[in-house]
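# Could you look at this predicted model? Sequence included:
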Protein chains: 2
Amino acid sequence: MYQPRLETMPQEEIRKLQLERLKRTLAHIRDRNPDYHKRLGGIHPEDIKDLSDLEKLPFLTKDDLREAYPFGLACAPKEAFVRFHMSSGTTGTPVVNPFTRSDVEQWAEIMARCLSAAGVTHADVLQITPGFGLFNGGFGFHYGAERIGCFVVPIGPGRTLMQLKFMKDFGTTALGAISSYPLRLIEVAKEEGFDFRETRLRVGIFGAEVWSDETRKYIEEAMGIETFDIIGMTETGGVGLGIDCKAHEGLHVWEDHYLVEIVDPETGKALPDGEEGEMVVTTLTREGLPLIRYRTRDITRIISRERCSCGRTMLRVARIKGRTDDMLKVKGVNFYPRQVEEILMRHPETTPEYLIRFGKRAGKDFIEILVESKVQDETLRERLAEEIYNYLGFHAKVILLKEGELPRREGKAKRVEKVKE
Amino acid sequence: MYQPRLETMPQEEIRKLQLERLKRTLAHIRDRNPDYHKRLGGIHPEDIKDLSDLEKLPFLTKDDLREAYPFGLACAPKEAFVRFHMSSGTTGTPVVNPFTRSDVEQWAEIMARCLSAAGVTHADVLQITPGFGLFNGGFGFHYGAERIGCFVVPIGPGRTLMQLKFMKDFGTTALGAISSYPLRLIEVAKEEGFDFRETRLRVGIFGAEVWSDETRKYIEEAMGIETFDIIGMTETGGVGLGIDCKAHEGLHVWEDHYLVEIVDPETGKALPDGEEGEMVVTTLTREGLPLIRYRTRDITRIISRERCSCGRTMLRVARIKGRTDDMLKVKGVNFYPRQVEEILMRHPETTPEYLIRFGKRAGKDFIEILVESKVQDETLRERLAEEIYNYLGFHAKVILLKEGELPRREGKAKRVEKVKE
């Protein structure tokens, strides 16, 4: 729900609240987990006079969280846990985030705020398509919706034909999804002659993957909806850390719950507002797994700390450009998949389905960009290759595929394939 | 949670409460859904003087609910719905059960009672393996666990190896599952040399499928746990209608929420206590989809209306023997798959995996019973065929398969295959 007293608080008051809550979080860690307290250099809440003192504290990385599996950094006794969520763990030991009852409340509050910022009220019908279970997406929407009191269609992932049928049968007005899933819905709708304009759908809340402005525009036009970009992750306590409002001038971060810094991903040094860097998150109200200076690996920048035209004063960050760990280095050039996506999506002939394939062949670097296209046209192929060279500075082989040739996946989309020689 | 004031109420008081709530439900239907009211012959609450007057009302069938898709029998305005659950719909139009906020509370209450009857407290770790989503199993356990305050491992179905790993890593003490899933867990545990006795697991709460006493014994021995048989279905508002207590002398039905009759499945006539028939359920506290005399198709009998040794006074029914629609008629003989299962499971050589395949071949009825066995022994094969003839009265061809030969499925197990000529 919209909480104007909190969401429109003057920045000065937000800073005061953050300082107080940061101290409380440090005290909580000290009292509950001696090892974690030691990790922080044994710092005491009194040592923090100012938010800038935060810089004295060490960073926490995803590897640190992995090594702590399952409860090494947890700051509540196991009896206080009511559930947990977990990162997929496809690349090694998973990260487990245990929730106390108060953490579930906190999650419900920020998710309700996000839904509210996207204009969702108790009168809406919300179709929840991310999975319910260890992945936090489904339950995040679930708790937010419970707080708002809207009607939930708890369908979860997959079964795209049924998703479309339900949209009509239940009068869905709002859709929650992993950001590549609307592309699949649009594709199947086309095959089936299903027209989104004949539904009551008006809002899409998408996240969990980096999606370009061009993809966003494509989805909004194809579905006839307004979309909202939601951020948050297992480590921070699930989806709902922030979202854009109807002004769409950056993503508001719920600063009464989270303290955000932007740092140089190489040096770890704080960057001035406006400069692009890695987002570092400190949680201010979490009990189960409080985070101090967590390196999210998300690349963004602070857009503004001024009051937004929507009235909210909470700081705004740019949409996530990429993740430090999905930055690619090919032929000596660094770039993010989203930058390739932006170039491809400018051409109406291409579909949003693409794959960046790279690696070494016969000892030499190669990069291929496979993209589905409505036309198999040599001129288009050359134009795309040229634009990639102009914008990104490397030569890639562009391969045009027929629509539907790339495999579709449930859950997160695969956009990058590294080929081992 | 255990609610002694309600659960140990004298039967006379239960009857009074049921009469009052039945009238209230009829008034609710009359005020909210004129068509549904008409279906009931326009009956008014005042016409019901006694619970025996219930017999004047018509039955409601699964087909009636299907025809009402999605909200034809719903008794609340759509704005009051907060979610819904749905039967799988594999055999046609699904049944949709919309929940108001009060229905979710009711569900949480009865599920918390069920968990409590099985000895689960806030100190337990409950691994929830049924799916979360349209299927009601996962969310039923979820709401009950939230009320109890125990620690939930929200893993959902599948990923059996991970299930076993989590059991150890998170100290799972209670397992919620579709009743064939423990068989899969046991099988994989054997392959992996995983010993359930090295875990903290002590309670299993299983349902959604008919499982024989022999299968139950097999699971309890292999896992070293006490099991509880939970009943309930999408139509009645989800899992949690009843469960057995630690006395294991029948399943207590939560009579303050549900009124149960046992009728002759052919004639619809009420049967005296102790006689086997179809369970008919009337909901007493549901708002979204109140049921009047719903034919569940479950075959059971009333065991007792006396106070149980656990102190509960709520009536007890026998474990479900079968469903009227999975009664098989082969070579002129009626029987339930569970009866075949009971015979097979008496032999330690067989595994709990079997398939009844029947139909017509060259114009003649045939029936084959495929069962996995540790030994491929002609004597065993003949003995099984003989016992089936002795107990059930027909000649079946018994086929012994090697362990692992029958396909395994996520979700409900397939035990019957009808072959079309």
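Structure's in. What do you need?
# where's residue A:242, which helix or strand?
Under the criterion of DSSP states H and E, residue A:242 resides in strand A:238-244.
# Just the buried residues of that strand, please?
Neighbour counts over strand A:238-244 (16 or more other CB atoms under 10 Å in any protein chain shown) mark A:238-244 as buried. Heads up, the C-betas are built off the backbone N, CA and C, glycines and all.
# tell me the strands in the stretch 301-421 of chain A, going along the chain?
Listed in chain order, the strands of the stretch 301-421 of chain A (DSSP state E, counting those that start in this stretch) span A:302-304, A:316-317, A:322-323, A:328-330, A:333-335, A:350-361, A:364-373, A:397-401, A:416-419.
# any chance of the ones you listed in CSV, with distance to chain B too?
As requested, those are arranged in CSV below (distance: least, CB to the nearest CB, whole Å):
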stretch, distance to chain B
strand A:302-304, 35
strand A:316-317, 30
strand A:322-323, 25
strand A:328-330, 31
strand A:333-335, 35
strand A:350-361, 26
strand A:364-373, 30
strand A:397-401, 32
strand A:416-419, 24
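# and among the ones you listed, the most buried is which?
strand A:316-317 (a mean of 22; mean count of other CB atoms under 10 Å in any protein chain shown).
# didn't residue A:262 look like it was pressed against residue A:301?
Yes: contact status for residue A:262 versus residue A:301: in contact at 6.1 Å, counting by CB atoms under 8 Å.
# mind checking how far stretch A:284-304 is from the chain centre?
In this view, stretch A:284-304 has its centroid 12 Å away from the chain centroid, taken as CA atoms, centre = their mean, to the nearest Å.
# ditto for stretch A:252-259
Centroid displacement of stretch A:252-259 relative to its chain, using CA atoms, centre = their mean, is 15 Å.
# what is the mean pLDDT for it?
Taken as a whole, stretch A:252-259 carries a mean pLDDT of 98.
# what distance separates the start and the end of that stretch?
Terminal residues of stretch A:252-259 lie 12 Å apart, using CA to CA, to the nearest Å.
# which residues are contacting it?
Residues outside stretch A:252-259 that contact it (CB atoms under 8 Å, 6 or more residues apart in numbering or on different chains): A:6-7, A:9, A:14, A:17-18, A:21-22, A:51, A:54, A:106, A:109-110, A:113, A:117, A:236, A:240-245, A:260, A:281-286, A:308, A:312, A:314-317.
# Isn't residue A:308 up against residue A:316?
Yes: applying CB under 8 Å as the test, residue A:308 and residue A:316 come out as touching, 6.5 Å apart.
# Spit out the residues that contact those two alike.
Shared contacts of residue A:308 and residue A:316 (CB under 8 Å, 6+ apart): A:249-250, A:252.
# Quick check: ChimeraX command selecting the buried ones in these.
Paste this into ChimeraX to select the buried members of those, with burial taken from 16+ other CB under 10 Å:
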select /A:250,252
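# what's the closest of the shared contacts of residue A:308 and residue A:316 to chain B?
Distance to chain B across those (CB to the nearest CB) is lowest for residue A:252, with 26.4 Å.
# if we can go back for a sec, mind putting the shared contacts of residue A:308 and residue A:316 in CSV, secondary structure and distance to residue A:323 included?
As requested, the shared contacts of residue A:308 and residue A:316 are exported to CSV (DSSP: H, G, I helix; E, B strand; the rest coil; distance: CB to CB, whole Å):
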residue, secondary structure, distance to residue A:323
A:249, coil, 23
A:250, coil, 19
A:252, strand, 21
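# Domain map for chain A?
Per automatic domain parsing, the domain ranges recorded for chain A read A:1-325, A:327-419.
# deepest of these, which one?
Comparing the domains of chain A by mean neighbour count (mean count of other CB under 10 Å), domain A:1-325 comes out on top with a mean of 19.
# ok, the strand holding residue A:242 near chain B or not?
No: applying CB under 8 Å from any CB of the partner chain, one finds strand A:238-244 out of contact with chain B, separated by at least 12.1 Å.
# Can you list the neighbours in contact with that strand?
Applying CB under 8 Å, 6+ apart, the contact partners of strand A:238-244 are A:85, A:97, A:107, A:110-111, A:113-114, A:117-118, A:136-137, A:139-141, A:144, A:205, A:207-208, A:228-233, A:250-254, A:257-258, A:281, A:314, A:316-317, A:319.
# Go again with 7 Å.
For strand A:238-244, contacts defined as CB atoms under 7 Å, 6 or more residues apart in numbering or on different chains pick out A:85, A:107, A:110-111, A:114, A:117-118, A:136-137, A:140, A:144, A:207-208, A:228-232, A:250-254, A:258, A:317.
# Please flag which of those residues sit within helices.
Judged by DSSP state H, helices contain the following of the contacts of strand A:238-244: A:107, A:110-111, A:114, A:117, A:136-137, A:140, A:144.
# Send over stretch A:148-162 as PDB, restricted to the C-alpha atoms.
Output of stretch A:148-162 as PDB, limited to C-alpha atoms (Å, rounded to 0.1, in the frame of the first residue of the first chain):
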ATOM      1  CA  ILE A 148      -3.200  -5.000  -0.900                       C
ATOM      2  CA  GLY A 149      -6.100  -7.400  -0.900                       C
ATOM      3  CA  CYS A 150      -6.400  -7.900  -4.700                       C
ATOM      4  CA  PHE A 151      -7.600 -11.000  -6.400                       C
ATOM      5  CA  VAL A 152      -4.700 -13.300  -7.200                       C
ATOM      6  CA  VAL A 153      -4.500 -15.800 -10.100                       C
ATOM      7  CA  PRO A 154      -1.700 -18.000  -8.600                       C
ATOM      8  CA  ILE A 155      -0.700 -19.800 -11.700                       C
ATOM      9  CA  GLY A 156       3.100 -19.800 -11.500                       C
ATOM     10  CA  PRO A 157       5.400 -20.400 -14.500                       C
ATOM     11  CA  GLY A 158       4.700 -22.100 -17.800                       C
ATOM     12  CA  ARG A 159       1.500 -23.300 -19.400                       C
ATOM     13  CA  THR A 160       1.400 -20.200 -21.700                       C
ATOM     14  CA  LEU A 161      -1.800 -21.100 -23.400                       C
ATOM     15  CA  MET A 162      -3.600 -21.400 -20.000                       C
END
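# does any part of it sit near chain B?
Yes: applying CB under 7 Å from any CB of the partner chain, one finds stretch A:148-162 touching chain B at A:149, A:151-152, A:154-156.
# for that stretch, the distance to its chain's centre please.
From the chain centre to the centre of stretch A:148-162 is a distance of 20 Å (CA atoms, centre = their mean).
# Mean confidence (pLDDT) on it, please.
Here the average pLDDT along stretch A:148-162 is 95.
# what about the closest residue to chain B within chain A, is that helix, strand or coil?
Nearest residue of chain A to chain B, counting by CB to the nearest CB: residue A:132, 3.5 Å away. Secondary structure assignment for residue A:132 (DSSP: H, G, I helix; E, B strand; the rest coil): coil.
# For stretch A:94-106, the averaged confidence score.
97.
# Enumerate residues external to it that contact any of its residues.
Outside stretch A:94-106, the residues that touch it by CB under 7 Å, 6+ apart are A:62, A:65-66, A:69-71, A:74, A:76, A:80-88, A:143, A:234-235, A:237, A:257, A:285-289.
# Show me those residues that map onto strands.
Cross-referencing those against strands under DSSP state E gives A:81-86.
# Could you export those to CSV, including columns for distance to residue B:328 and pLDDT?
Shown next, in CSV, are the ones in strands among the contacts of stretch A:94-106 (distance: CB to CB, whole Å; pLDDT from 0 to 100):
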residue, distance to residue B:328, pLDDT
A:81, 46, 97
A:82, 44, 98
A:83, 42, 98
A:84, 44, 97
A:85, 44, 97
A:86, 43, 95
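# Considering only those, which also neighbour chain B?
Contacts with chain B within the ones in strands among the contacts of stretch A:94-106, counted by CB under 7 Å from any CB: A:81-83.
# start to end distance for stretch A:79-93?
End-to-end distance of stretch A:79-93 (CA to CA): 24 Å.
# Thanks again, I'm all set now.
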